[in-house]
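> just need the structure, nothing else, for what follows:
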Amino acid sequence: MSFSESLKPAWLDAIRPAIDEAGYRPYRVDSEPHIDRIDAKIVAEIRDSKFLVADVTEHKLGVYFEAGYALGFGLPVIWTVRHDELSKTHFDTRQYNHIVWRDPPELKEQLHLVICAVIGKNK
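Presented below is the predicted three-dimensional model:
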């Protein structure tokens, strides 16, 4: 997802707690200090993941790349986008089901349900 300040509540109040409540460890590369190359760190973390949540709000090219990388490894990708940007989603990803959200509480609820239904609750 974009690291913009405007989307920080989507991470802090929705994505992170939804993943955590489903029993998985949420991770975003800017959440801890490191001295690695950021692109190498992202790729390594994706390879070690069970699934990836790709929020394409603001349509950062890196998000599309990282989701494609995960798909290439056969990892499930859960696509999310804020409602006002749904029409801007890229042609190549539009056919995937997206969680369309208006605010962090709605995103959290929907994401948690999808994780539990598709990935399964981790006990």
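> can you pull out the helices in this protein?
8-10, 16-21, 38-47, 61-72, 104-114 (DSSP state H).
> wait, what's in contact with the residue most central in space within the chain?
Nearest to the mean C-alpha position of the chain, counting by Cα atoms, centre = their mean, stands Val53 at 2.3 Å. The neighbourhood of Val53, defined by Cβ atoms under 8 Å, 6 or more residues apart in numbering, consists of Met1, Ile15, Ile19, Val77, Ile78, Thr80, Leu111. C-beta coordinates here come from the backbone N, C-alpha and C atoms, glycine included.
> rerun at 10 Å
1, 11, 14-16, 18-19, 26, 28, 67, 70, 76-80, 99, 107, 111, 114-115 (Cβ atoms under 10 Å, 6 or more residues apart in numbering).
> what does Gly68 give?
Contacts of Gly68 by Cβ under 10 Å, 6+ apart are Ala54, Val77, Asp92, Thr93.
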